[in-house]
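Asker: Structure for this input, please:
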Amino acid sequence: MIAAFGTSPAVAKVPVSVLLTGSIVQSTITAFLFAWLGLIMGKSVGLDAPIFRRWITKTGTAQFQRKNVVFALIAGVIVSLITAGLDYFIFLPHIPNIADKAPHISRLAGLLTFMQGGVFEEVVVRLFIMTLIVWILFKLLGRKSGAKSWMYWVGIIGAAILFGVGHLPAAQQMFGHITPFFFVRTIVLNGLPGLVYGYIYWKKGLEYGMIAHAISDIVLHGFFG
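Answerer: All right, here's what the predicted structure looks like:
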C-alpha cells in the first residue's frame, strides 16, 4: 500500500514494527506538546483537564465523578447512534457501491480506534485547538469582562469544523474525489460529535470528553463497523 502511493522501494521495505514505533513516538511527542500548551492557555479561560493536572502536578483534589462518567458514556452512545443513523438513512443511500469503496476493518481494529480518537484527537482538537480559539477571543475581546459563553461556542464549533475538515483526505482516498455531497457528509458526521465532545470539555473537563469520544468510537467502529 505504501509503495502504491509512490514511496521509494527503500522506504517501502522498512519493517512495519519500525513504522509503527515511529508513529507512536511522533504522536506521543505531538500530544505532549499540544497538551502542555492547552493546559497553559486553559488557565485563563477556565478550560482544563483537572484530573490529569492533579496526576501530573500532584496538586488539587479533582477526581472522577460517577455522575459525570455516566453522563459522558450516555452522551457518547447517543452521539454514535445519531451519527450512524444519519449516515445509514441519509448519506449512504446516495453513494453507489459503497461496500466496494469502504476499506475492510476488523472489529478488533475498530475497537482499538478509541485510543486514537478518545486520547490523541481530544488532546489535539479540544485541549489545544478549541482552547486556542477561546484563548485568542478572550485576549482580544474579553480581558476586562472575562470569557463569554459565545467565545466557548465559537471554540466548540470552530474546532468541530476543523476536525471534520481533517477527515477530508481520508474521504478523498476512499471515494477518489470530494464532491459537495462528500464534503457535507464528512463535516456533518465528524463535526456533529465534535460539538458534543467540546461541550462536555467546557462543562465537565477534558477527561469526560475523552470518555464520550472513546465510547462513540467503540460503538461506531467496533459494533457498527
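Asker: need the longest helix for the protein.
Answerer: helix 16-45 (DSSP state H).
Asker: helix or strand right after it?
Answerer: helix 50-57 (DSSP states H and E).
Asker: one step back: who are the neighbours of the longest helix of the chain, in terms of helices and strands?
Answerer: In this structure, helix 16-45 makes packing contacts with helix 131-141, judged by 3 or more Cβ pairs under 8 Å, 6 or more residues apart in numbering; DSSP states H and E. In short, each C-beta sits where N, CA and C put it, glycine included.
Asker: Now do Ala4, the pLDDT please.
Answerer: Predicted confidence (pLDDT) for Ala4: 40.
Asker: Correction: the previous question concerned Met151.
Answerer: Met151 is given a pLDDT of 97.
Asker: Go ahead and confirm Gly118 touches Tyr208.
Answerer: No: judged on Cβ atoms under 8 Å, Gly118 makes no contact with Tyr208 at a distance of 11.0 Å.
Asker: so where is the chain shaky, pLDDT-wise?
Answerer: 1-13, 16-17, 20, 98-110, 225 (pLDDT under 70).
Asker: who's in contact with the helix or strand harbouring Ile74?
Answerer: Assigned by DSSP H and E, Ile74 falls within helix 66-86. With Cβ atoms under 8 Å, 6 or more residues apart in numbering as the test, helix 66-86 has contacts from 188-189, 192-193, 196, 200, 204-205, 208-209, 211-217, 219-220, 224.
Asker: In CSV, could you pull the C-alpha coordinates for that helix?
Answerer: Extracted C-alpha coordinates of helix 66-86, given in CSV (Å, rounded to 0.1, in the frame of the first residue of the first chain):
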residue,chain,number,x,y,z
ARG,A,66,-19.6,8.8,38.8
LYS,A,67,-22.4,11.0,37.5
ASN,A,68,-20.1,12.8,35.1
VAL,A,69,-18.7,9.4,33.9
VAL,A,70,-22.3,8.1,33.3
PHE,A,71,-23.2,11.3,31.5
ALA,A,72,-20.2,11.1,29.2
LEU,A,73,-20.9,7.4,28.5
ILE,A,74,-24.5,8.0,27.6
ALA,A,75,-23.7,11.1,25.5
GLY,A,76,-21.1,9.1,23.6
VAL,A,77,-23.5,6.3,22.9
ILE,A,78,-26.2,8.7,21.8
VAL,A,79,-23.8,10.6,19.5
SER,A,80,-22.7,7.3,17.9
LEU,A,81,-26.3,6.2,17.3
ILE,A,82,-27.2,9.6,15.8
THR,A,83,-24.1,9.6,13.6
ALA,A,84,-24.7,6.0,12.4
GLY,A,85,-28.4,6.8,11.7
LEU,A,86,-27.6,9.9,9.7
